[in-house]
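S.K.: Here is a sequence together with a model predicted from it:
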Amino acid sequence: MLALEVVLRHDSLPQTRARENGIRRPDRADLPIHDHNVERYTLTTARTIDWLALARIMLRDAGARGVPALAQLPGMQAHLELEAAVMGLAARGRRVAIVTGFCVAADPPAAETDGPPGALYLARALSALSIPVLLISDALGMPLLRAGCRLWRLDGVELVEFPFETDETDPSASTERVEAASSCPKTDAWVDAFLGQEQGGGLTHLVSIERAGPSHTLQSLAEQQRSGPPPLAEFESEVPASSRDVCHNMRGEPIDHCTARTHRLFEEARRRVAAIETIGIGDGGNEIGMGKIAWEVLRAAVAGGPGGRIACRIATDRLLIGGTSNWAAYTLAVATCAARGRHDLIAGWGTRRQAELIQVLVDECGAVDGVTRQPSATVDGLPLAEYLDVLAAIEEQCTKKKGDKSNYLGPNGV
C-alpha cells in the first residue's frame, strides 16, 4: 500500500476546472466532431460531482496498511487525476479494453479477488452506456471474467485471453523467464496482431486494474521525469540485476512465471496509437500505471516491504490509487455514469451483487484473497461487509449534488 505525497502530472488534462488550475484543456480540433455534444454535456454534468469527496472515499485505508487520505495532503491532486480519467471515458469513450488479473504465487498459482470484480463492475457500467468493452486477462484470470460475465449476463462484453510467452505456468521456470524478460516474440506478435486488427485497432481507452507490471531498469529510471538527476547509484545498490524488469508481488517475490506480459500492450499502445488514452489502477506500487511516479518517490511511499524492487516502471496517462484497486475501479465506473447523467445505472447495482460475484469467483474459480492467500470471499484481508461499505459510500456520493454532506467517514474519520 502507498503513502504518497506527490503531485501527478496533468499534461493535456481535459477537465471542467482546467482553467482555474492553470491546465490546458484540449482545443475543439483535438476532439472528433461526433464527440462534441457528448463532451459538452459531460463537462456540464461533471460540475455537480464532488471529486475531492470521491477521492477521499476510494482512498480509505481500512486495513491500516499505509494508504493515507491523499486528497487531504498539501499539493496532492488525486481528485484531479480521477476527474481526468472519468472525463476521458465519459466524453470520448468509444471502445474500451480492460486488463486485469493478479497472480498469487501459491501452489498452484491462483488469481486474487482484487481486480476482476472491479473490472466486471466497470465493464457493466460502460456497456450500459453503450460503450463496447473488451475484458483481457491471461489463463489464470480468464475463468474469473467468464464466470462474472455469465453471472451478470454481460453477453455483449468481449473476452480476450492474453497468451503466456511459454505454454506453462511453472514456478521452476521463473529464473529462465526473468533472464529472457526482454525477449518476448510470442507476446509481441500477439500485441502487434491485436492492435492491427479491428478488435484492438478501434480502441479509445486501455485500462489496467490491479495488474502486475515489470520493475524498473536503469533505462526506465533515466527516462522518468523528475526535477533532478535520476538516483542511478542508489538504484543499482538497492535493486540487483536479477530483480530488474521483473513482475513482483508485494512480498518482493517474482511472479513472471504466472503473469502474462500484458504490459507490452500498454507500451505498444502508447508508442503506436496516440489516440488511445491509458488508465492505470493500483494500490501497492507494483501495478501497471505506477511508472507515472518517480521511482524514488514510489519506493519511499510503499509502506513496508521491498519498495525499490517492486516499483513498476510502466506509466499510464492517468493513474488512480485506491485503498483496494476494486474501490478505485468502482469509483471510475460510478463517476462515469454520473458524468453522463445516468444516475439510474448506479442505484441497486452495488453491494448485494458484488458479494454474490466475489463468492462465485472463490467457489467456482478458485480465487484467493491477495493478502491472506486463502480461498475466502474477502478482498485484501478485509471482511466482506466492511469492504462493501466503501462501494455503498461511493454510490451514495455520486447520487448527491456537489456540496451535499455525506454520511461516510473517510480516512481518519474525516
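M.R.: Thanks, I have it.
S.K.: And for the helix or strand where residue 361 lies, what's in contact with it?
M.R.: Under the criterion of DSSP states H and E, residue 361 resides in helix 351-365. With contact meaning Cβ atoms under 8 Å, 6 or more residues apart in numbering, helix 351-365 is reached by 111, 113, 116-117, 120-121, 143-144, 147-148, 151-152, 367-368, 375-377, 379, 384, 388-389, 391-392. Bear in mind the C-beta positions are built from the backbone N, C-alpha and C, glycine included.
S.K.: Can you classify the residue nearest in space to the middle of the chain as helix, strand or coil?
M.R.: Centroid-nearest residue in the chain, with Cα atoms, centre = their mean: residue 281, separated by 1.9 Å. Following DSSP: H, G, I helix; E, B strand; the rest coil, we place residue 281 in the strand state.
S.K.: Let me see the mean pLDDT of the helix holding residue 361.
M.R.: Averaged across helix 351-365, pLDDT comes to 97.
S.K.: Same check on stretch 209-216?
M.R.: Mean predicted lDDT for stretch 209-216 stands at 98.
S.K.: CA-only coordinates of that stretch in CSV, if you can.
M.R.: Below are the C-alpha coordinates for stretch 209-216, written out as CSV (Å, rounded to 0.1, in the frame of the first residue of the first chain):
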residue,chain,number,x,y,z
ILE,A,209,-7.0,-2.8,-12.9
GLU,A,210,-4.7,-4.4,-10.3
ARG,A,211,-2.4,-5.9,-13.0
ALA,A,212,1.3,-6.5,-12.1
GLY,A,213,3.9,-4.7,-14.3
PRO,A,214,7.6,-5.1,-14.5
SER,A,215,10.0,-3.3,-12.2
HIS,A,216,12.4,-0.6,-13.2
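S.K.: Centre of the chain to it, how far?
M.R.: 10 Å (Cα atoms, centre = their mean, to the nearest Å).
S.K.: ok so, going back, from the contacts of helix 351-365, which ones fall inside strands?
M.R.: residue 111 (DSSP state E).
S.K.: Secondary structure element holding the residue of the chain positioned farthest from its centre?
M.R.: No residue in the chain has its C-alpha farther from the mean C-alpha position than residue 233, which lies at 30.5 Å (Cα atoms, centre = their mean). Using DSSP H and E, residue 233 maps to helix 232-238.
S.K.: Would you check that the residue nearest to the centre of the chain makes contact with residue 327?
M.R.: No: under the criterion of Cβ atoms under 8 Å, residue 281 makes no contact with residue 327, lying 9.4 Å away.
S.K.: before we move on, the earlier item: could you give me the PyMOL selection string for whichever of the contacts of helix 351-365 are buried?
M.R.: To isolate in PyMOL the members of the contacts of helix 351-365 that are buried, counting by 16 or more other Cβ atoms under 10 Å, one can use:
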select buried, resi 111+113+116+117+120+121+143+144+147+148+151+152+367+368+375+376+377+379+384+388+389+391
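S.K.: What part of this structure, helix or strand, is modelled with the least confidence?
M.R.: Least confident helix or strand of the chain, by mean pLDDT, DSSP states H and E, is helix 174-179 with a mean of 44.
S.K.: what's next to whatever helix or strand residue 394 lives in, contact-wise?
M.R.: Per DSSP H and E: residue 394 is located in helix 384-398. For helix 384-398, contacts defined as Cβ under 8 Å, 6+ apart pick out 49-50, 53-54, 57-58, 60, 62, 323-324, 327, 330-331, 334-335, 337-338, 343, 346-347, 349-351, 354-355, 358, 377-380, 406-408.
S.K.: How far does it sit from its chain's centre?
M.R.: 18 Å.
S.K.: what angle sits between it and helix 351-365?
M.R.: 140 degrees (axes from the mean of the first three to the mean of the last three Cα atoms, to 10 degrees).
S.K.: tell me the mean pLDDT for helix 384-398?
M.R.: 94.
S.K.: Can I get it as PDB, trimmed to CA atoms?
M.R.: The C-alpha coordinates for helix 384-398 follow below in PDB (Å, rounded to 0.1, in the frame of the first residue of the first chain):
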ATOM      1  CA  LEU A 384     -16.700  -8.600   3.000                       C
ATOM      2  CA  ALA A 385     -19.200  -6.400   4.900                       C
ATOM      3  CA  GLU A 386     -16.500  -3.800   5.700                       C
ATOM      4  CA  TYR A 387     -15.100  -3.900   2.200                       C
ATOM      5  CA  LEU A 388     -18.600  -3.400   0.600                       C
ATOM      6  CA  ASP A 389     -19.300  -0.400   2.800                       C
ATOM      7  CA  VAL A 390     -16.900   1.600   0.700                       C
ATOM      8  CA  LEU A 391     -18.800   0.700  -2.500                       C
ATOM      9  CA  ALA A 392     -22.000   1.800  -0.900                       C
ATOM     10  CA  ALA A 393     -20.400   5.100   0.100                       C
ATOM     11  CA  ILE A 394     -19.100   5.600  -3.500                       C
ATOM     12  CA  GLU A 395     -22.500   5.000  -5.000                       C
ATOM     13  CA  GLU A 396     -24.200   7.300  -2.400                       C
ATOM     14  CA  GLN A 397     -21.700  10.100  -3.000                       C
ATOM     15  CA  CYS A 398     -22.300  10.000  -6.800                       C
END
